[in-house]
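Novice: The amino acid sequence is not available; the structure is as follows:
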């Protein structure tokens, strides 16, 4: 402990600098600069989530400009709001800062965060800065749910399982950045972008929240099998997954061929997985949600996920016990 | 990056374990285990704050049982709610975990956090766990303000400056733990406890929020001079501080004698500083707020803090430019 416990020289000034030029919605009665932010009483029930990105665990600085990092730190939280069918409203940000990063770096990181907050309608209402061994960005995000929230615990046997977008791209992109997978040109750029700049499916989530009954849903951040497992665990059901139906991008196929391990267990997809009573047309859903929707299986009685349609390799982070139908 | 980006083996199980046995108020419609918590629409305007404790920066593990650490991580956030005159309601917790700490450690840490949350009426509604180089505990806390919020930007020239409690104890206690200061017996225990187990002045803050006009206030976490400086900066006023009037505990005097440096700039006090139109009796205030209240100066026109009454040493983290009246 090099100095007295909580103080960082210039911490207050760094926060003031980072918060300079922030514009607030009318929902925010008092923004950064006091002990707490003050928010007007919301009109609906609220959502509350927290997520963190740590240097060396979730990213390397050489992989992306700091602005991309700042934007991504908010996006992974926006994805949690999307998965509940909500509208994001306000966030606070905790920065763990380390030596070797200057004010310009944080200006850029915050510029990315601010820009994404603005486009998502989110007020950055407070911040905290602490010294740390590694750079970390922790965002606590509030949202509102005008309609019924999408939950993990409302899946029923017989429901069909759908997903937005394609899977495994981000996990492949991360491995491209890390030098474990070779990819070239457009495929490389696509996969890396999918990792660095995920897009929370806010519109799709909000549309899903208008359906009755509200579908069970989750955002796939830990990997498709693992997050489907969370739905099953919370809803006390099982699932039959057609692994061959899991949507893959051309870039993923170009790099991974028939190996679906990253699509099934790679993580960082930030797509939505949701469950609907049978009979929905994926094409109609795609039009309504504004993104490609694919049916990949159905909810079953009992426990565990049974897979058909493709070989399912052992996947890092995927609990094999849950995989047995 | 030893493994794929976001996943931690057993992360989900650790969160589930830590959240086991949590009881929720009726305000919380859905607690931990989904993408977000769902909170009932609050009855009043809301407060929102975030704060973090990092191993090696704010604490050492050898200094305290993990339960004390967990409790303290919430307390420093409660102090921000107290400083606004609010009532804390719900929090989310982000744990940065490192190798070498087992599930039992986190059980104990969370037990401390849970116990304090319960006594403060706070629901722990969500959690996230990420790997890190050092242990860190980040808490994002919501509150409500039934009355007018206490702000930093409402101090007026002529206002008298008051504080709760005594100053410098925690900073001295930290130095006792770190071996920089020698203290014995009851004095040592008192000072160390004041550092490890601060008490957010929630009751005092709530009482202050009933006064009209609502006093300007701040919680003193960065050090008395620095936090008074924050009031001055936000309110665009100056201050005359009677350094000799700053209240000291017998333990502080026993260890530090006449050296007021830690009382004025040491930090981690988590006492309230507030400003009231002249004429208030500190004894009546003490009775009303349930804690000793001392008048330590007054707000002035102009800028900067001028000190009288005792020698003011150069204090770590205290901006000397602001100290000149």
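Specialist: Sure, I can see it. Being a predicted model, the structure only gives us computed values, none of them experimental.
Novice: Report the beta-bridge partners for residue A:164.
Specialist: With DSSP bridges as the criterion, residue A:164 is bridged to residue A:293.
Novice: burial measure for residue A:115, as a count.
Specialist: 14 (other CB atoms under 10 Å in any protein chain shown). Placement of C-beta: from N, CA and C, glycine included.
Novice: what sits against it?
Specialist: Going by CB atoms under 8 Å, 6 or more residues apart in numbering or on different chains, residue A:115 touches A:67, A:71.
Novice: again, but for the one 5 residues further on
Specialist: For residue A:120, the contacting residues are A:74, A:78, A:88, A:200, A:202, by CB under 8 Å, 6+ apart.
Novice: Can you list which of the residues you listed are found in helices?
Specialist: By the criterion of DSSP state H, membership of the contacts of residue A:120 in helices covers A:74, A:78, A:202.
Novice: next one: the helix or strand hosting residue A:113 to chain centre, how far?
Specialist: In this assignment (DSSP states H and E), residue A:113 forms part of helix A:103-119. On the basis of CA atoms, centre = their mean, to the nearest Å, helix A:103-119 sits 18 Å off its chain's mean C-alpha point.
Novice: among the contacts of residue A:120, who's most crowded?
Specialist: residue A:78 (29 neighbours).
Novice: how near is that residue to residue A:92?
Specialist: In this view, residue A:78 and residue A:92 are 15 Å apart by CB to CB, to the nearest Å.
Novice: Tell me the pLDDT of the closest residue to chain B within the stretch 101-250 of chain A.
Specialist: Relative to chain B, the nearest point of the stretch 101-250 of chain A is residue A:140 (3.1 Å; CB to the nearest CB). You'll see residue A:140 listed with a pLDDT of 98.
Novice: Could you list the low-pLDDT ranges of chain A?
Specialist: Filtered on pLDDT under 70, chain A yields the residue ranges A:1-13, A:16, A:313-325.
Novice: Now render the contacts of residue A:120 as CSV, adding distance to residue B:286.
Specialist: CSV is the format used below for these (distance: CB to CB, whole Å):
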residue, distance to residue B:286
A:74, 45
A:78, 47
A:88, 44
A:200, 51
A:202, 51
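Novice: show me which of these neighbour chain B.
Specialist: The subset of the contacts of residue A:120 within reach of chain B, counting by CB under 8 Å from any CB of the partner chain, is empty.
Novice: Pull out the buried residues from stretch A:287-295.
Specialist: A:288-289, A:291, A:293-295 (16 or more other CB atoms under 10 Å in any protein chain shown).
Novice: same thing with stretch A:148-158?
Specialist: Neighbour counts over stretch A:148-158 (16+ other CB under 10 Å) mark A:148-152, A:154-155 as buried.
Novice: Tell me which residue is most central in chain A.
Specialist: Taking CA atoms, centre = their mean, the centroid of chain A lies closest to residue A:76, which sits 3.3 Å from it.
Novice: For that one, give me phi and psi.
Specialist: phi -70, psi -30 (degrees, to the nearest 10).
Novice: so it touches residue A:49, yeah?
Specialist: No - with contacts counted by CB atoms under 8 Å, residue A:76 stays clear of residue A:49, the gap being 9.7 Å.
Novice: Would you check how far apart residue A:233 and residue A:305 are?
Specialist: From residue A:233 over to residue A:305 (counting by CB to CB), the distance is 10 Å.
Novice: which one of those two has more residues nearby?
Specialist: Ranked by neighbour count (other CB under 10 Å), residue A:233 and residue A:305 place residue A:305 first, with 25 against 17.
Novice: Am I right that the more buried one falls within a helix?
Specialist: No - according to DSSP: H, G, I helix; E, B strand; the rest coil, residue A:305 belongs to no helix; its state is strand.
Novice: measure it to chain B for me?
Specialist: According to CB to the nearest CB, to the nearest Å, residue A:305 and chain B sit 15 Å apart.
Novice: That residue bridge partners, please.
Specialist: For residue A:305, the beta-bridge partners are residue A:239 (DSSP bridges).
Novice: That one reaches residue A:232, doesn't it?
Specialist: Yes - counting by CB under 8 Å, residue A:232 is a contact partner of residue A:305 at 6.4 Å.
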